[in-house]
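*Asks:* sequence unknown, structure follows:
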């Protein structure tokens, strides 16, 4: 039965042998320490044995394709415990200090001496960029996925002297340790009934998938694929899945940026756009890479310290758009596949998805199916792929499997007949809802005031919500949150850039389009993975909805707080919210 995770994971890794790049496959996934390796590393270890091992080099079914788990070392939770104890950090960690101050306290700490030798040996051998990633005990579980809650630090690892590279690695590890106790995880734990005191952090040190290009390093493609699509369009069904692709590092996707979304059953069908002009407005315009140039200003508590955000012109100069872009031709007013002519580039991956120059989509479908069968649940996978052209034949495609998580998809039957609704009883309805089920205990509503909202104030709105959310979480009062644009986007012009910790107490979330705006949802982001797995109902309300949000009714309710952009109201009787996940329709009754 789908939705029930039956995987039993053993520790499928060898001890670190100070030979990170050993040709022996057994030493491409190693551990340091005797503790636990955390949820993320467990998922990768399991997939390495059950899935990746099926894709042998030279397989005629996959010419030029390599599927692997990028080489990694896991520092187990044993060293997290030692680090916390030896540096007396628990009082600081559990305090109400800001994320930055907590990080600075951790950076002053010393890592255990028994760990230092292995890390020094590692850095003496490895000279490519490294991703230092979280793998906590609770991470990637079915009911508390913690997706994107903890930090990742990518380091270029290209400084001439090993000593400098070594110290940068140590800082990155301590930064990931510190992120265990940042405000977002603390709020998340309170909202989900977990205790932050019970959490422990393992750390993954992993090679970054990609190629060096003009003093920057990045993959040609990053992606997130799901076996279940909460928002199918056209002929697609929820079970057909959904894929988000982006040029460069996956930060664009998981932060809710502009990406290319398609159904793997219909790879040559573009998302619905009204015109070429709309398509050009919605294409990816920038991308993330590891900065291999001059070191930036020292800022060890900044996740993007060693990353750089570049424009499409930079990728064109690097010759990396060949397989991912099309070109708009002004003269004919049409989009031509590829980059063989001059004109604005559109990142639509048409050379791969429509011309099928590489079997990427077939590979994604195969991996999703194998992962579903292995986990006995719908799944989400993250990956990065580098493409290296060769003189003859298809290019070499390296597919780096970065993460797998089970998805929670409810099967409860909810019947909704919108034709029977009356305006005086309905706050809003939508035929584009994520989730399934009923909620009937919400008395509190936070809403963005439509008269004062402008996307240029999005960050201030997020800050205002954070204060109210913290208060409601402390009072154990779930609430409905409604606003404009794409919640959780890192791009403040697409929506309100909240992180999960800032809205952890919301039970139902509504996004509404402003008149003249049509911003697509971002199913590939960590934000949305947490929403779906925690059973939070998410409504998308179009500007021309039959039952738009009844703002007048909201304004008539008791106001507990009225800020610059947000109002908090408390109702005299609870709302009733119903969502039919089969038909993707929902209603909120007053």
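*Replies:* Cool, the structure landed. All values reported here derive from a predicted model rather than from experimental measurement.
*Asks:* make it CA atoms for all contacts and neighbour counts henceforth
*Replies:* Noted.
*Asks:* where does residue 19 land on pLDDT?
*Replies:* Looking at residue 19, its pLDDT reads 64.
*Asks:* And residue 47, by the same measure?
*Replies:* For residue 47, the pLDDT comes out at 88.
*Asks:* cool, and residue 141?
*Replies:* Per-residue pLDDT puts residue 141 at 55.
*Asks:* Check residue 239 too.
*Replies:* On the pLDDT scale, residue 239 is placed at 91.
*Asks:* swap in residue 223?
*Replies:* Residue 223 is assigned a pLDDT of 96 by the prediction.
*Asks:* And for residue 485?
*Replies:* 84.
*Asks:* other SSEs contacting the lengthiest strand in the chain?
*Replies:* Ranked by number of residues, the top strand in the chain under DSSP state E is strand 566-580. With contacts defined as 3 or more C-alpha pairs under 8 Å, 6 or more residues apart in numbering; DSSP states H and E, strand 566-580 has these neighbours: strand 437-448, helix 458-474, strand 558-562, strand 585-589.
*Asks:* And those: which comes nearest residue 240?
*Replies:* Closest to residue 240 of those is strand 585-589 (C-alpha to C-alpha; 18.6 Å).
*Asks:* Average pLDDT for that closest one, rounded please.
*Replies:* In the prediction, strand 585-589 has an average pLDDT of 91.
*Asks:* by how many degrees do that strand and strand 437-448 diverge?
*Replies:* 70 degrees (axes from the mean of the first three to the mean of the last three C-alpha atoms, to 10 degrees).
*Asks:* Run through who's touching strand 585-589.
*Replies:* 416, 418, 425-433, 539, 575-580 (C-alpha atoms under 8 Å, 6 or more residues apart in numbering).
*Asks:* quick one: it to chain centroid distance?
*Replies:* 27 Å (C-alpha atoms, centre = their mean, to the nearest Å).
*Asks:* Could you check the angle that strand makes with strand 566-580?
*Replies:* Orientation check (the same axes, to 10 degrees): strand 585-589 against strand 566-580 gives 130 degrees.
*Asks:* List the neighbouring strands of strand 585-589 plus their orientation.
*Replies:* Paired with strand 585-589 in the same sheet, following DSSP bridges, are strand 426-430 (antiparallel), strand 566-580 (antiparallel).
*Asks:* Next secondary structure after the first one?
*Replies:* From strand 426-430 onward toward the C-terminus, using DSSP states H and E, the following helix or strand is strand 433-434.
*Asks:* starting at the chain centroid, how far to that following strand?
*Replies:* For strand 433-434, the distance to the chain centre is 18 Å (C-alpha atoms, centre = their mean).
*Asks:* Does that strand pack against any helices or strands, and if so which?
*Replies:* Looks like strand 433-434 contacts strand 537-541 (3+ C-alpha pairs under 8 Å, 6+ apart).
*Asks:* Any stretches of the chain with poor pLDDT?
*Replies:* Where the chain drops to pLDDT under 70, the residues are 1-13, 18-27, 140-148, 274, 410-413, 419, 515-530, 532-533.
*Asks:* Specify the residue ranges that define each domain of it.
*Replies:* Domain assignment for the chain by automatic domain parsing gives 14-59+66-208, 210-409, 418-589.
*Asks:* In JSON lines: the ones you listed, plus mean neighbour count.
*Replies:* Output for the domains of the chain, formatted as JSON lines (neighbours: other C-alpha atoms under 10 Å):
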{"stretch": "domain 14-59+66-208", "mean neighbour count": "19"}
{"stretch": "domain 210-409", "mean neighbour count": "19"}
{"stretch": "domain 418-589", "mean neighbour count": "19"}
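*Asks:* As a check, name the ranges of all helices in the stretch 201-350 of the chain.
*Replies:* Ranges of helices within the stretch 201-350 of the chain are 251-254, 276-281, 312-318, 350-353, based on DSSP state H, counting those that start in this stretch.
*Asks:* got it, and the stretch 51-200 of the chain?
*Replies:* Under DSSP H, counting those that start in this stretch, the stretch 51-200 of the chain gives helices at 77-86, 90-93, 99-108, 113-125, 162-179, 183-192.
*Asks:* For residue 364, which of these is the nearest?
*Replies:* Across those, residue 364 has its closest neighbour in helix 162-179 (29.8 Å, C-alpha to C-alpha).
*Asks:* where's the closest residue to residue 256 other than its chain neighbours, which helix or strand?
*Replies:* Excluding its sequence neighbours, the residue lying closest to residue 256 (C-alpha to C-alpha, 6 or more residues apart in numbering) is residue 489, at 4.4 Å. Using DSSP H and E, residue 489 sits in no helix or strand.
*Asks:* what's near enough to touch residue 489?
*Replies:* 255, 256, 257, 495, 496, 497, 498, 522.
*Asks:* Quick check: the gap between the nearest residue in space to residue 149 that is not next to it in sequence and residue 197.
*Replies:* Spatially, and ignoring its direct neighbours in sequence, residue 149 is nearest to residue 185 (5.9 Å; C-alpha to C-alpha, 6+ apart). From residue 185 across to residue 197, the span is 11 Å (C-alpha to C-alpha, to the nearest Å).
*Asks:* Ok, residue 304 next?
*Replies:* Taking C-alpha to C-alpha as the measure, residue 304 falls 27 Å from residue 197.
*Asks:* Confirm for me that residue 545 is in contact with residue 430.
*Replies:* Yes: if you go by C-alpha atoms under 8 Å, residue 545 and residue 430 touch, sitting 7.3 Å apart.
*Asks:* Residue 404 and residue 382 touch, don't they?
*Replies:* Yes: Residue 404 lies in contact with residue 382 (C-alpha under 8 Å); the separation is 6.5 Å.
*Asks:* can you redo the helices of the stretch 51-200 of the chain as TSV with distance to residue 570?
*Replies:* Supplementary listing: the helices of the stretch 51-200 of the chain in TSV, determined by distance: least, C-alpha to C-alpha, whole Å:
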stretch	distance to residue 570
helix 77-86	42
helix 90-93	34
helix 99-108	31
helix 113-125	53
helix 162-179	34
helix 183-192	19
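*Asks:* closest one to residue 241 among those?
*Replies:* For residue 241, the closest of the helices of the stretch 51-200 of the chain is helix 183-192, at 27.2 Å, according to C-alpha to C-alpha.
*Asks:* so how far is the closest one off the chain centroid?
*Replies:* On C-alpha atoms, centre = their mean, the centre of helix 183-192 falls 17 Å from that of its chain.
*Asks:* Quick one: residues contacting the closest residue to residue 227 other than its chain neighbours.
*Replies:* Nearest in space to residue 227, with sequence neighbours left out and distances taken as C-alpha to C-alpha, 6+ apart, is residue 241 at 4.2 Å. By C-alpha under 8 Å, 6+ apart, the residues touching residue 241 are 225, 226, 227, 228, 229, 263, 264, 265.
*Asks:* Give me the nearest residue to the fourth one, chain neighbours excluded.
*Replies:* Setting aside the residues directly before and after it, residue 228 is nearest to residue 241 in space (C-alpha to C-alpha, 6+ apart), at 4.3 Å.
*Asks:* how near is the one you found to residue 551?
*Replies:* Between residue 241 and residue 551 the distance, using C-alpha to C-alpha, works out to 35 Å.
*Asks:* repeat for residue 244
*Replies:* Residue 244 is 34 Å from residue 551, by C-alpha to C-alpha.
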